[in-house]
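J.: could you look at this predicted model? Sequence included:
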Amino acid sequence: MEPTKAELEILQVLWSYGPSTVRLVHEELSKQKEVVYTSILKQMQLMVEKGLLNRDESAMKHVYGAADKEESVKEHFLQKFIDSFYNGSPGKLVMQLLGNRKTSKQDIENVRQLLKKLEEK
C-alpha cells in the first residue's frame, strides 16, 4: 500500500520519534502547518486499517508505530520515480542530480567512495 502525502508526513514523525501517541504526532505536524487533532487521529486510524501503522492498545493511550521501515518505503518510492522518469536507470538520475546542482566537494567524494565500494563487489 502506497502512503499518500499526508500519510507520509505522519510516517516521517513516527520514523523520527518511534512509536508515539496521536498527541505527539499532532504537535509535531502543527509546527509545520495548521492541523486539527481529530483529523490526525482519524487519518492514523485509517492508516492502521490500511496496514501502514501498527497500534498498541495495551495502555490507556494508544501508541502508533510505522508498519514498515523508513528505508523500505523510501526505496519503493525512489525505484518508482527512477522507473517513471529515468527508464529504470539510476545512473541517469545520478548524472542529472550531479549535473544540475552545485555539488560540494564532499558530495563528490562520497559518490566516489560509493562507486569504489560498488566496483569491489
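T.: Great, that's in hand. Numbering: from 1, shown residues only.
J.: residue boundaries of the helices in the protein?
T.: Remark: helices assigned in the chain by DSSP state H are 5-17, 22-30, 37-50, 70-85, 90-100, 105-120.
J.: mean pLDDT lowest for which of the ones you listed?
T.: Of all these, the minimum mean pLDDT falls on helix 90-100 (a mean of 85).
J.: neighbours of residue 7, how many?
T.: 18 (other C-beta atoms under 10 Å). Bear in mind the C-beta positions are built from the backbone N, C-alpha and C, glycine included.
J.: repeat that for the one 5 residues further on.
T.: Other residues lying near residue 12 total 17 when counted by other C-beta under 10 Å.
J.: start the count at 85 instead of 1 going forward.
T.: All set: I'll call the first residue 85, so the last point we hit is now residue 96.
J.: distance check, it against residue 163.
T.: Counting by C-beta to C-beta, to the nearest Å, the separation of residue 96 from residue 163 is 19 Å.
J.: for the helices of the chain, please prepare TSV with the additional fields distance to residue 141.
T.: What follows is the helices of the chain, written out as TSV (distance: least, C-beta to C-beta, whole Å):
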stretch	distance to residue 141
helix 89-101	16
helix 106-114	13
helix 121-134	10
helix 154-169	24
helix 174-184	41
helix 189-204	43
